[in-house]
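S.K.: okay, predicted coordinates and the sequence, questions at the end:
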Amino acid sequence: MIFIYNLAIQMYAFGIRVAAALGNPKAKLWVEGRKNWRSKIPESLKPDESRVWFHCSSLGEFEQGRPVIEEFKMRNEKLKIVLTFFSPSGFEIRKNYSGADYVFYLPADTKANSKDFIELIKPEKVFFTKYEYWHHYFHQLKKKNIPLYMVSAVFRPDDRFFKSYGSFFRNILQCVSHFFVQNEESKSLLMKIGFNNSSVAGDTRFDRVVEVSRNAKEIPVAEKFSRGKIVLVAGSTWSEDEKILADTIKSFSCEWKLIIAPHEINKSRISEVIHTFLNFNLIQFSKASNEELSSYDVLLIDNIGMLSSLYCYGQYAYVGGGFGKGIHNTLEAAVFGIPVFFGPSFEKFNEAKELINCGGGFLISSGEKLKNELRKFFENSSYKIKAGAAAKNYVTANAGATEIILNYVK
């Protein structure tokens, strides 16, 4: 099995290099970011430091691990934080993150890479977030007796660890010192295959969104645009989401406004959104600072980094991705105490299920369903207040995972 694993890693890296050569921008960043890492990393590091290594696959996992990183740093000021990413979407956005002392791309998981990388950074402890299980890195850490913790880990019955052919992957789990899992199901699944080194800490994303809501940025353009109107903030949207939203707001009065933040903001996507809302008075955020905004129907966010604060300007939230591979972060919206709508691809997201169960989240299977739900809220203000309170209470009641994790590690 190790031969197949190594071959898969090599084929993946080769495929990325081919894509980079053909002009794929993300693949190019993946390749360029790892060039000459064996010489660049030691040039960056200072001698005689004590370091702790945090790894996040991408931006979403970073937001999940961020509360632990920042609280750990606050409690251990003398320790230096090494943060690694696998994906360019995480590294390129957070390469200047002030909460870490060093930010690197994680080299591909080969035996030589894992040995050299760990020898270079010499971590005292290691934290991996949620899904990342790398054979060579994990075995190298175990070989060196370096504690390895999984943060906000989640397991499902159909994961490869629990299959009849899963012995190779279960062997990777043996390298983990402790699993901080999100729910009882994950802990039970681990116990069934002989792993008793887990505890239910919950999901650190709750801690993150609570912190963000307390320190939400003031966005004057959004405030001016929203003033005196009913506003739906739509975050991390894709094409199908945008078609539904355009059809929906067309059905309501001039009191209705939309703030929309697409999941991707490259030129082609921005052009696509503008075309979808061609029949509306739309303005891009980058062009709105000196404009009189009262006459506009749609504010298109054409930058990154402000979505989590934008939700506070809405009375309703729509979270995209539910008509594709899966919904994005519903907690960012729910923490502001507003009803949250999302599409049908949410089965792998426990927080979405629980938001529905508590009355703060609403499944939207079509544009007509979204219109009908919104009409209910417009006709009954107490319905909206109750749903918003349920959403916020759900988030705040589930915060606290970071404290559990760091108290254990201490």
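M.R.: Nice, I can see it. Numbering: from 1, shown residues only.
S.K.: so who does the closest residue to Y131 other than its chain neighbours touch?
M.R.: Nearest non-adjacent residue to Y131, counting by Cβ to Cβ, 6 or more residues apart in numbering: S57, 6.5 Å away. Yep, even glycine has a C-beta here, placed from its N, CA and C like the rest. The contact partners of S57, by Cβ atoms under 8 Å, 6 or more residues apart in numbering, come to 85-87, 90, 129-132.
S.K.: nearest residue to the spatially most central residue of the chain in space, please, no chain neighbours.
M.R.: The geometric centre of the chain, computed from its C-alpha atoms, lies nearest to G60 (Cα atoms, centre = their mean), at 1.9 Å. Once its chain neighbours are removed from consideration, G60 has its nearest residue in N329; the separation is 7.3 Å (Cβ to Cβ, 6+ apart).
S.K.: residue ranges for the strands of this protein, please.
M.R.: Ranges of strands in the chain, per DSSP state E, are 51-56, 80-85, 102-105, 123-129, 148-153, 178-181, 198-200, 230-237, 256-262, 282-284, 298-300, 316-319, 340-342, 361-363.
S.K.: show me the shaky parts of the chain.
M.R.: In the predicted model of the chain, residues 253-254 satisfy pLDDT under 70.
S.K.: which one of the strands of the chain lies nearest to V31?
M.R.: Closest approach to V31 among the strands of the chain (Cβ to Cβ): strand 102-105, 9.7 Å.
S.K.: okay, now the sheet partners of that closest one, with direction.
M.R.: Looking at strand 102-105 with DSSP bridges, its paired strands and their directions are strand 80-85 (parallel).
S.K.: show me the contact partners of the partner strand.
M.R.: By Cβ under 8 Å, 6+ apart, strand 80-85 touches 46, 49-58, 62, 69, 72-73, 91, 94, 97, 99-106, 121, 123.
S.K.: are any of those buried, and if so which?
M.R.: Buried members of those, counted by 16 or more other Cβ atoms under 10 Å: 51-58, 62, 69, 72-73, 91, 94, 97, 99-106, 121, 123.
S.K.: in CSV, list the strands of the chain along with distance to L374.
M.R.: CSV is the format used below for the strands of the chain (distance: least, Cβ to Cβ, whole Å):
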stretch, distance to L374
strand 51-56, 36
strand 80-85, 38
strand 102-105, 42
strand 123-129, 36
strand 148-153, 33
strand 178-181, 37
strand 198-200, 36
strand 230-237, 8
strand 256-262, 9
strand 282-284, 20
strand 298-300, 16
strand 316-319, 7
strand 340-342, 8
strand 361-363, 10
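S.K.: to I385, which of those lies closest?
M.R.: For the strands of the chain, proximity to I385 was assessed by Cβ to Cβ; strand 316-319 is nearest, at 12.4 Å.
S.K.: next one: that closest one to chain centre, how far?
M.R.: Offset of strand 316-319 from its chain centre (Cα atoms, centre = their mean, to the nearest Å): 17 Å.
S.K.: give the pairing partners of it; include direction for each.
M.R.: Its sheet considered, strand 316-319 pairs with strand 230-237 (parallel), strand 340-342 (parallel) by DSSP bridges.
S.K.: looking at those strands, which is nearest to A397?
M.R.: When the strands paired with strand 316-319 are compared for distance to A397 using Cβ to Cβ, the nearest one is strand 340-342, at 15.8 Å.
S.K.: now the helices for the stretch 251-400 of the chain?
M.R.: Taking DSSP state H, counting those that start in this stretch to define them, one finds helices in the stretch 251-400 of the chain at 267-276, 307-310, 331-334, 350-358, 367-379, 381-397.
S.K.: dump these to CSV, plus distance to L293 and mean neighbour count.
M.R.: Converted to CSV, the helices of the stretch 251-400 of the chain look like this (distance: least, Cβ to Cβ, whole Å; neighbours: other Cβ atoms under 10 Å):
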stretch, distance to L293, mean neighbour count
helix 267-276, 17, 14
helix 307-310, 14, 23
helix 331-334, 22, 29
helix 350-358, 31, 18
helix 367-379, 22, 16
helix 381-397, 24, 17
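S.K.: tell me which of those lies nearest to N197.
M.R.: For the helices of the stretch 251-400 of the chain, distance to N197 was read as Cβ to Cβ. The smallest value, 22.1 Å, belongs to helix 350-358.
S.K.: and the angle from the closest one to helix 381-397?
M.R.: 140 degrees (axes from the mean of the first three to the mean of the last three Cα atoms, to 10 degrees).
S.K.: from the chain's centroid, how far away is helix 350-358?
M.R.: 17 Å.
S.K.: what's the answer for stretch 260-272, then?
M.R.: On the basis of Cα atoms, centre = their mean, stretch 260-272 is displaced by 18 Å from the centre of the chain it belongs to.
S.K.: start and end of that stretch, how far apart?
M.R.: The distance separating the two terminal residues of stretch 260-272, taken as Cα to Cα, to the nearest Å, comes to 13 Å.
S.K.: give me the contact list for that stretch.
M.R.: Counting contacts by Cβ under 8 Å, 6+ apart, the residues touching stretch 260-272 from outside are 233-239, 242, 245, 273, 277, 284, 298-304, 306-307, 310, 320-321, 328.
S.K.: select only the buried ones of the residues you listed in ChimeraX?
M.R.: To isolate the buried ones among these in ChimeraX, judged by 16+ other Cβ under 10 Å, type:
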select :233,234,235,236,237,238,242,245,273,277,298,299,300,301,302,307,310,320,321,328
